[in-house]
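# Just the structure for this:
(one chain, ligands or ions: 1)
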Amino acid sequence: MEKLVVTGPTPLKGEVIINGAKNAAVAILPATLLIDGCCTIENLPNISDIKISCEILEKLGAKITWNSKNSITVDTTNIITTKAPLDLTSKFRASYYVIGAMLGRMGEIEVGMPGGCKLGARPIDQHIKGFELLGANVTVEKGTIYAKAKKLKGCPIYMDIVSVGATINVMLASVLAKGTTIIDNAAKEPHIVDVANFLNTMGADIRGAGTDVIKINGVEKLHGNATYSVVPDQIEAGTFMLAAVATRGDITLKNCITKHLESITAKIIEVGGNVQDNGDSIRVWCNKRPSKANIKTLPYPGFPTDLQPQMGVVLSIANGTSMITESIWESRFQYTEELNKMGAQITAHGKNAFFEGVKKLSGAPVYSTDLRAGAALVIAGAVAEGTTEIYNLEHIDRGYEDIEGKFRKIGAKIKRVTE
Ligand code: UD1
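Residues are numbered from 1 along each chain as shown. This is a model prediction of the structure:
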């Protein structure tokens, strides 16, 4: 078993280079299934979700060549099966993108229900509704999803809720459909725009990604033969921004899109931190105890749920009592029990958690309950006096490339230990 051992307190200072976005990359890889040919994807984060995505593509018949640790060439000329490997697809959430892509390319797919972080109920009814409106027959039996269509036909699709996954999945299914699909009440996250940009680079005709109405004119085929670089990771950038505030440090992030970080910047300024926006880099520093603030997680451009635990660390040591309202996931406060083991005083009730700010945290053994909770505990370890041991690293490794290397580079006393 591996654990991260962090000894603090340490103000984190220095430069961090942000990787490509996990949530864009895990959609772009299955999107390559729509191409009858080759394409090269660069700025891929080197994380376990990407390695599993590649294995799934290979099992379906794709040939993958690693050009470097962050770049691959995918050849999807030959697809040899419409059965996705159940053991691999159950390992992470975004495996559901195989459904949209394979319905578009092959008109058929059999895949296990997706896995991923346990953040509460994670239904996929909006994905299924979209596929059915496009003309697919979808059934779910004993944890397996079967989807089949003779020829998908574009149509208007109104999403009952704003869903990142359903928006991307329906976009994937409709790229090669006959006619025009209009997704209304679409999600607007940067990774949705990135997947649309990738598909358009390969010959798709998608307009409006990044707004709540996306129009997809079906095309005959996607040509490939192009190179695409994944958008910088908004959530990884936000994680380090909040690490700077929590540890009273000074961190400059390179390779980020500051426009995507506005909701985080606003909250950092509200709690007394400083932000200098340089366009493609951003500097965040803080030299005093953060002040209290109230946060409500919302779909983009609101404050992202995937930065809620990291913000929770900042509020746990803020001056005064803060409240976080989690409006996306019902079980996203599990990390607060771990922070309480470190001396935080947080009470979670349903959608709300109250953070009675304490002056300091103390090191303790803690468990990463999901991906972003794990990142929050690494920050908490750098804030706390003494030694923090963080277990369940498989969550963190799904979404952060070399987390200990990056934190070490900015001064954290952190090491990975195998027990
Ligand atoms: C994606 C992100 C995840 C992030 C989340 C919200 C990926 C791989 N994961 O997850 O990190 O926390 O967006 O920003 O990109 N819902 C339904 N029916 C559906 C689909 C969703 O009711 O068919 C609900 C969910 O239960 C949730 C809300 O809609 O309450 C938002 O979910 P969604 O945006 O779909 O999240 P994911 O795509 O799973």
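# I'd like to know the average pLDDT value across the helix or strand hosting residue 353.
Using DSSP states H and E, residue 353 maps to strand 352-356. Mean per-residue pLDDT for strand 352-356: 98.
# immediately after that strand, which helix or strand?
Counting by DSSP H and E, what follows strand 352-356 is strand 365-367.
# I'd like the next helix or strand past that next one.
helix 371-383.
# Okay, buried residues for that following helix please.
Residues 371-383 are the ones in helix 371-383 that count as buried (16 or more other CB atoms under 10 Å). All C-beta spots, glycine's among them, are computed from the backbone N, C-alpha and C.
# CA-only coordinates of the helix or strand following it in CSV, if you can.
Toward the C-terminus, helix 371-383 is succeeded by strand 386-391 as the next helix or strand (DSSP H and E). Listed next in CSV are the C-alpha coordinates belonging to strand 386-391 (Å, rounded to 0.1, in the frame of the first residue of the first chain):
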residue,chain,number,x,y,z
GLY,A,386,3.5,17.9,12.0
THR,A,387,3.2,14.9,9.8
THR,A,388,0.1,13.9,7.7
GLU,A,389,-0.2,10.5,6.1
ILE,A,390,-2.6,10.3,3.2
TYR,A,391,-3.9,6.9,2.2
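# could you say what helices and strands strand 386-391 packs with?
strand 2-8, strand 365-367, helix 371-383 (3 or more CB pairs under 8 Å, 6 or more residues apart in numbering; DSSP states H and E).
# do the last one and the ligand meet at all?
No: counting by CB under 6 Å from any ligand atom, no contacts exist between helix 371-383 and the ligand, the nearest distance being 7.6 Å.
# got the angle for that helix vs strand 386-391?
160 degrees (axes from the mean of the first three to the mean of the last three CA atoms, to 10 degrees).
# returning to what we had before: which of the buried residues of helix 371-383 sits closest to residue 124?
residue 371 (19.1 Å; CB to CB).
# hang on, the closest one packs against residue 399?
Yes: contact criterion CB atoms under 8 Å: residue 371 and residue 399 qualify, at 4.5 Å.
# Which positions in this protein make contact with the ligand?
Residues of the chain lying near the ligand (CB under 6 Å from any ligand atom): 23, 26, 93-94, 121-127, 161, 163-166, 187, 305-306, 328-329.
# Now restrict the residues you listed to buried residues only.
23, 26, 93-94, 122, 124, 126-127, 163-166, 187, 305-306, 328-329.
# Show me how the chain divides into domains.
Annotated domains of the chain cover 2-19+232-418, 22-229 [automatic domain parsing].
# Need the helices and strands packed on strand 386-391 in TSV (columns: mean pLDDT).
Listed next are the helices and strands packed on strand 386-391 as TSV, based on pLDDT from 0 to 100:
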stretch	mean pLDDT
strand 2-8	97
strand 365-367	98
helix 371-383	98
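# Reformat these as JSON lines; add distance to residue 151.
Shown next, in JSON lines, are the helices and strands packed on strand 386-391 (distance: least, CB to CB, whole Å):
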{"stretch": "strand 2-8", "distance to residue 151": "48"}
{"stretch": "strand 365-367", "distance to residue 151": "49"}
{"stretch": "helix 371-383", "distance to residue 151": "38"}
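# List just the one of these that sits closest to residue 272.
helix 371-383 (15.4 Å).
# Burial check on residue 69, number of neighbours?
Look at residue 69: counted by other CB atoms under 10 Å, it has 11 neighbours.
# now the helices for the stretch 101-250 of the chain?
125-133, 164-174, 190-201, 234-246 (DSSP state H, counting those that start in this stretch).
# In CSV: these, plus distance to residue 33.
Output for these, formatted as CSV (distance: least, CB to CB, whole Å):
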stretch, distance to residue 33
helix 125-133, 15
helix 164-174, 8
helix 190-201, 11
helix 234-246, 25
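# how about the ones you listed, which one is nearest residue 393?
helix 234-246 (15.5 Å).
# Next, the angle from the closest one to helix 371-383.
Using the same axes, to 10 degrees: helix 234-246 against helix 371-383 is 20 degrees.
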